[in-house]
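Participant: give me a 3D structure for the following:
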Amino acid sequence: MDALFRYLVKYEGPIYILLGLGALFALRSVWLAWDEWRKAVFGLEKEIAYQRLRSTSAVAILLLMIALSQFCLVTFVAPYLPSITFTFTATPDLLNGLSASALPDSTPEANLLALPAENTDCTPGQIMITSLEPRQEISGRVTLIGTAKVENYGFYKYEYRQQSNEEWITIAAGRDIIENGELGSWDTSSLLPGDYEIRLIVIDNQNNPLPACTIPVRIVEP
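Facilitator: Residues are numbered from 1 along each chain as shown. Here you go, the predicted model:
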């Protein structure tokens, strides 16, 4: 169902064009059928023309209903689906217009300091995802390697969200303690390209979530 919604939104323009062309053809057929019915003299001829008028009118009404449904879906339904974000957000060029002296230091130490605050809760040896780097470009199915090992361990789960959204979507969970091993996988093939975040959360045996390890990534076309 998500794939259908994405298709209808992504190709909204071409769909409206096709529906418009179909509506013009249907209205032309309605006009011809009505003109034929109006000019018909004999009963059988008039009845055939009337049946043609009814069928062409039904097609025109159907196309109008499809166009209205498409508009309502894209405008009122799709934006409120929690697992789908249909709009592409342009990434601003923050370096545009800056001089070379104004650019941050490109040393590894400076890059570590430049990472977003969400990534600071990754705890080496306890809660971390090691197979992804911040701002890494990914596509398709991604295997997640990392560690979920704390005292009073309960279980772990990993979630994602698009950076323009506030709601996190749970991908999967596990009860085994993982130490530098496979946490699971993330199939990104059904998601629109853009900036996302993925986080690993460990919950202790008292059902208390520990600070999550969050890593920003960018999904690109495969």
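
Participant: can you count the residues close to the closest residue in space to Ile129 that isn't next to it in sequence?
Facilitator: Excluding the flanking residues, the one nearest Ile129 by C-beta to C-beta, 6 or more residues apart in numbering is Gly146, at 4.0 Å. Any C-beta I mention is one placed from the backbone N, CA and C, and that applies to glycine too. Neighbourhood size, Gly146 [other C-beta atoms under 10 Å]: 24.

Participant: do the same with Ala58
Facilitator: Neighbours around Ala58, by other C-beta under 10 Å: 12.

Participant: wasn't the residue nearest to Ile129 part of a helix?
Facilitator: No: Gly146 is assigned strand when assessed by DSSP: H, G, I helix; E, B strand; the rest coil, not a helix.

Participant: longest helix of the chain?
Facilitator: helix 43-72 (DSSP state H).

Participant: on the pLDDT front, check Leu191 for me.
Facilitator: pLDDT recorded at Leu191 is 92.

Participant: oh, that last question was meant for Asp2, not what I typed.
Facilitator: 56.

Participant: cool, the one 3 residues further on as well?
Facilitator: On pLDDT, Phe5 comes in at 62.

Participant: check Glu159 too.
Facilitator: 95.

Participant: burial check on it, number of neighbours?
Facilitator: Glu159: 19 neighbours (other C-beta under 10 Å).

Participant: give me the contact list for stretch 199-207.
Facilitator: Identification of contacts with stretch 199-207 by C-beta atoms under 8 Å, 6 or more residues apart in numbering yields 118, 126-129, 144, 146, 148, 150-160, 168, 183, 209-210, 212-215.

Participant: got the buried residues for stretch 163-170?
Facilitator: 163, 168 (16 or more other C-beta atoms under 10 Å).

Participant: can you map out the strands along this protein?
Facilitator: Using DSSP state E, the strands of the chain run over 127-129, 136-138, 141-148, 153-162, 169-174, 178-187, 194-204, 213-219.

Participant: partners of the third one in the sheet?
Facilitator: Yep, that's strand 141-148 we're talking about. strand 127-129 (antiparallel), strand 178-187 (antiparallel) (DSSP bridges).

Participant: so which of those is nearest Leu53?
Facilitator: The closest of the strands paired with strand 141-148 to Leu53 is strand 178-187. By C-beta to C-beta, the value is 50.9 Å.

Participant: just the angle between the closest one and strand 169-174, please?
Facilitator: With axes from the mean of the first three to the mean of the last three C-alpha atoms, to 10 degrees applied, the angle from strand 178-187 to strand 169-174 works out at 140 degrees.
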